[in-house]
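[1] 3D model of this:
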Amino acid sequence: MQRQTHSMSHEQFLLVAANLLHRALVAPARTRCKQVYRELAQGRVLALSTVELEDKSTARFGLSLDTSEFRGRINFGAFRASLETLIANIAAHLKAEKPVTVFNADERPDSLIFGITGATLEDQQPNVLVLGCEPQADGEVTVLRLMYLDPAQFEARAAG
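    The predicted model follows:
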């Protein structure tokens, strides 16, 4: 099957992504959100949604979570606080119509990390959640990657 690509701006993509994250992990009942979180925390890539685009084509999205750089002990409450902060920061960034900084992974140029963070403090320990995305190998699904980054790199940048 031929890989199909959809063209949308980073701002449009972030708007879609923030809405999908909100619908999957904030809006449902707490027990459902915790269940989704548990599956993500176990390393699963979850099917998230199929979205109809402006040109009437569809795009399928999945969701994954990388907590390897989380400082302290991760739990649903800490994750949800980070996620709500990240979604709010994405919304504020888009509303302010600021340009979106995007980073590419050296080894996978089609993998992106958006430069909007969800920084939180849990038990006096800072944590930084970001949103990335990467197409799956088959090109059929784009996986939204929620990942914690080492907060020390942000502390060093702020101090310098």
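[2] who touches the nearest residue to residue 66 once chain neighbours are set aside in this structure?
    Nearest in space to residue 66, with sequence neighbours left out and distances taken as C-beta to C-beta, 6 or more residues apart in numbering, is residue 147 at 3.9 Å. Using the backbone N, CA and C atoms, a C-beta is placed for each residue, glycine as well. The contact partners of residue 147, by C-beta atoms under 8 Å, 6 or more residues apart in numbering, come to 65-66, 69, 113, 129-130, 132.
[3] how about a cut-off of 7 Å?
    Contacts for residue 147 (C-beta atoms under 7 Å, 6 or more residues apart in numbering) come out as 66, 130, 132.
[4] which element is it on?
    Secondary structure assignment for residue 147, by DSSP states H and E: strand 141-149.
[5] now that strand: mean pLDDT?
    Mean pLDDT, computed over strand 141-149, is 94.
[6] and it, which strands flank it?
    Partners of strand 141-149 in the sheet, by DSSP bridges, are strand 58-66 (parallel), strand 125-135 (antiparallel).
[7] quick one, helices of the chain?
    In the chain, the segments counted as helices under DSSP state H are 10-25, 30-41, 76-95, 152-159.
[8] Of all the residues in the longest one, which ones are buried?
    So that's helix 76-95. Buried positions in helix 76-95, judged by neighbour count with 16 or more other C-beta atoms under 10 Å: 76, 78-87, 89-91, 93-94.
[9] just to revisit the earlier point, make TSV out of the contacts of residue 147 and add distance to residue 46.
    Output for the contacts of residue 147, formatted as TSV (distance: C-beta to C-beta, whole Å):
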residue	distance to residue 46
66	14
130	18
132	16
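[10] closest to residue 99 among those residues?
    Nearest to residue 99 out of the contacts of residue 147 is residue 130 (C-beta to C-beta; 16.6 Å).
[11] For residue 116, see how far away that closest one is.
    Residue 130 sits 7 Å away from residue 116, going by C-beta to C-beta, to the nearest Å.
[12] what does residue 100 give?
    7 Å.
[13] Quickly list what's touching both of the two.
    Jointly contacting residue 100 and residue 116 under the rule C-beta under 7 Å, 6+ apart are residue 93.
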